[in-house]
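Visitor: Structure here, sequence nowhere to be found:
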């Protein structure tokens, strides 16, 4: 999956994960593939890396989506993972700066290994007093190889929901891995989306509470309340 391209006046899906709370994505490309099929071949590649800005148009907590308008007047639909929490809330009119990074990885599943699980982690804070949030999602699934056309980098797989899909593999590390696979192999696919965002039009003044006590010598008796 690749990062989105700009499209004036058109709606598109940001292939990320997504902001949360109310808004509500690295690793370097690495290849570790073995020619021996009985070894545990694996590969990874960067599929998205960008920075963009936009203005919040609408927020729909019920469906977990935020609609942004970017600088080219295009509309970006951002999905909020259900597991994302503790992120700053956004509202229509907010100016958002988003950093997006995505990777995909695949490796042959070891026989009898447990099914992979998807995870989402998120955090909130301040960046120069502006509301700031980060989120990392690992979407994991195990697929079985049904057919391979290695010269054309095409593979057909079936997922746990028994949905069949045919994919053209475009990343060089994944193409190298494809050459080591055979029909019937089970492969774990992991898509990592990392997003950080800052609300640039609002600032927050952190609150602080100070408790003062009289000074005392080291090792002395603490003063009473």
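Guide: Thanks, I have the structure now. Computed from a predicted model, the values in this text were never measured in an experiment. Numbers count the residues shown, from 1 in each chain.
Visitor: going forward, measure contacts and count neighbours with C-alpha atoms only.
Guide: OK.
Visitor: Tell me where this protein has strands.
Guide: Ranges of strands within the chain are 11-13, 31-32, 42-60, 65-70, 75-79, 95-108, 119-127, 130-149, 154-158, 164-168, 186-199, based on DSSP state E.
Visitor: and residue 86, which of these is closest to it?
Guide: Closest to residue 86 of the strands of the chain, according to CA to CA: strand 119-127, at 5.5 Å.
Visitor: So which elements touch that closest one?
Guide: strand 130-149 (3 or more CA pairs under 8 Å, 6 or more residues apart in numbering; DSSP states H and E).
Visitor: Next one: the residue lying closest to residue 65 once chain neighbours are set aside from residue 62, what distance?
Guide: Nearest non-adjacent residue to residue 65, counting by CA to CA, 6 or more residues apart in numbering: residue 79, 4.6 Å away. Distance of residue 79 to residue 62, given as CA to CA, to the nearest Å: 11 Å.
Visitor: Just want to know which of those two has more residues nearby.
Guide: residue 79 (23 against 6; other CA atoms under 10 Å).
Visitor: Report the central residue of this structure.
Guide: Of all residues in the chain, the one closest to the mean position by CA atoms, centre = their mean is residue 193, 1.7 Å from it.
Visitor: That one and residue 158, how far apart?
Guide: With CA to CA as the criterion, residue 193 and residue 158 are 23 Å apart.
Visitor: Stretch 179-192: end-to-end distance?
Guide: Stretch 179-192 has its terminal residues 23 Å apart, counting by CA to CA.
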